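Engineer: With the sequence up front, the predicted model follows.
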Amino acid sequence: MKRHPALVSISMEHHRSLLLAKHCKVAAASGDATRIQRQVEEILQQRDLWARHFHKEEQCLFEPARALEPVLVARLLREHEQMLDWVARMQAGEHQWLQAFGELLGEHTRVEERRLLPALESLSEADLQFMGRCLEDETGEHDQP
Ligand SMILES: [Fe+2]
Ligand SMILES: [Fe+2]
């Protein structure tokens, strides 16, 4: 699917999210404690990356989407909180949440790609450019030294 240029960076991050989701599900299904441990460690190592991804979505995309898809946005926000909660539990040693985390991350990301981003692409060019600048600012690409 062709993405508006303002939303390409978030879509590229979604490819990485889908890959991580798949790895989580495979590791959880293996039942291999070492493999599960390694996968949980990978999630924790990447924590800043995807915590920033959630933050960018909430700051730059959920606000403009709220008027178009209020129920969807409320659901996506709840899912961010749920995933953060599971990660905190896994950090505390509760590795049994890996399967649920992988499943929700995959489903959540697919819904964003199939429903959230297309809804935003129906907005005006000016709105989309505003979102694009917001995403860049939240990434820190325009920070001056
Ligand atoms: Fe999200
Ligand atoms: Fe996302």
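Structural biologist: Sure thing, it's come through. Numbering: from 1, shown residues only. Ligands and ions are numbered 1, 2, ... in the order given.

Engineer: from here on, contacts and neighbour counts on C-alpha atoms
Structural biologist: OK.

Engineer: From Q59, how far out is the residue nearest to E58 when sequence neighbours are not counted?
Structural biologist: Spatially, and ignoring its direct neighbours in sequence, E58 is nearest to L77 (7.6 Å; CA to CA, 6 or more residues apart in numbering). As judged by CA to CA, to the nearest Å, L77 and Q59 stand 11 Å apart.

Engineer: now the chain, which segments are flagged as low pLDDT?
Structural biologist: 1, 139-145 (pLDDT under 70).

Engineer: need the helices for it, in chain order.
Structural biologist: Remark: helices assigned in the chain by DSSP state H are 8-30, 33-45, 47-56, 63-66, 70-91, 98-111, 117-120, 125-139.

Engineer: Can you list the buried residues in the fifth one?
Structural biologist: Along helix 70-91, the positions that meet the burial threshold by neighbour count (16 or more other CA atoms under 10 Å) are L72, V73, L76, E79, H80, M83, L84, W86, V87, M90.
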